[in-house]
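Undergrad: Got a predicted structure plus its sequence, pasted below:
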Amino acid sequence: GEDVEQSLFLSVREGDSSVINCTYTDSSSTYLYWYKQEPGAGLQLLTYIFSNMDMKQDQRLTVLLNKKDKHLSLRIADTQTGDSAIYFCAERDPMDSSYKLIFGSGTRLLVRP
Amino acid sequence: EAQVTQNPRYLITVTGKKLTVTCSQNMNHEYMSWYRQDPGLGLRQIYYSMNVEVTDKGDVPEGYKVSRKEKRNFPLILESPSPNQTSLYFCASSLAPNQPQHFGDGTRLSIL
């Protein structure tokens, strides 16, 4: 079945760029998402990309997709302390009739002042 | 403000006492879904609904029921809760099934 994997932890200094990585296994065309979860809050949709795209940029966020390696990354430019949160990568198989999202276990980003 | 609202946010209860977690969205979304989040297991889909009166099982439906009588509401019902249903629950909705899903703030349930 599908699987999504992420590293568990990333620590960066304020003002640096953060790169959060994700790998997925689904070989069919798919949608890929990045969600942010702050303590006590729900999942906030940050951005998404379809697997026929290589890159998507939205303000400080850049998503890069390497379809051959099934590797997705989220780059946050000029990382701020408010970016500290857990970031989830998720994929959705368009052939799955439940339209469910398959989530990774999340990467905890800590931004040091 | 467009949002998905869950209630309650926190609940501690005992085994066997029926409970309902409500979910309401104000965006006229067709698709709604429930997930549970557990350490080491990520988020797993419990039930989903394509539209009013159309619901179906997700990956972990045992012990849960849902209903979709109105487009905006999608309650999650635990008829006889057990400790293994202690978890963080999220409701999500999207305009259509193939559109990005928006999540509520979560409901933390503890079943003693």
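TA: Right, received. Where do you want to start?

Undergrad: If we ignore the residues flanking it in sequence, what's nearest residue B:73?
TA: Nearest non-adjacent residue to residue B:73, counting by C-beta to C-beta, 6 or more residues apart in numbering or on different chains: residue B:24, 5.2 Å away. Every C-beta, even on glycine, is put in place using the N, C-alpha and C of the backbone.

Undergrad: Can I get stretch B:28-40 in CSV, CA atoms only?
TA: Presented in CSV, the C-alpha positions along stretch B:28-40 are these (Å, rounded to 0.1, in the frame of the first residue of the first chain):
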residue,chain,number,x,y,z
ASN,B,28,-21.0,24.4,1.4
HIS,B,29,-18.5,21.6,1.0
GLU,B,30,-19.7,18.3,-0.5
TYR,B,31,-17.0,16.0,0.9
MET,B,32,-16.4,15.5,4.6
SER,B,33,-14.2,13.0,6.4
TRP,B,34,-13.1,11.9,9.9
TYR,B,35,-9.5,10.9,10.8
ARG,B,36,-7.9,9.9,14.0
GLN,B,37,-4.3,10.7,14.8
ASP,B,38,-2.2,8.4,17.0
PRO,B,39,1.5,8.5,17.8
GLY,B,40,3.5,6.5,15.4
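
Undergrad: Please compute how far it lies from its chain's middle.
TA: 6 Å (C-alpha atoms, centre = their mean, to the nearest Å).

Undergrad: Around chain A, pick out the residues from chain B.
TA: Within chain B, the positions adjacent to chain A are B:4, B:31, B:33, B:35, B:40, B:42-43, B:45, B:48, B:56, B:58-59, B:90, B:92, B:94, B:97-98, B:100-106 by C-beta under 8 Å from any C-beta of the partner chain.

Undergrad: How about the residues of chain A by chain B?
TA: A:4, A:31, A:33, A:35, A:40-45, A:48, A:88, A:90, A:94, A:98-101, A:103-106.

Undergrad: Select from those every entry located in strands.
TA: Counted as lying in strands by DSSP state E, out of the residues of chain A next to chain B, are A:4, A:31, A:33, A:35, A:43, A:44, A:45, A:48, A:88, A:90, A:103.
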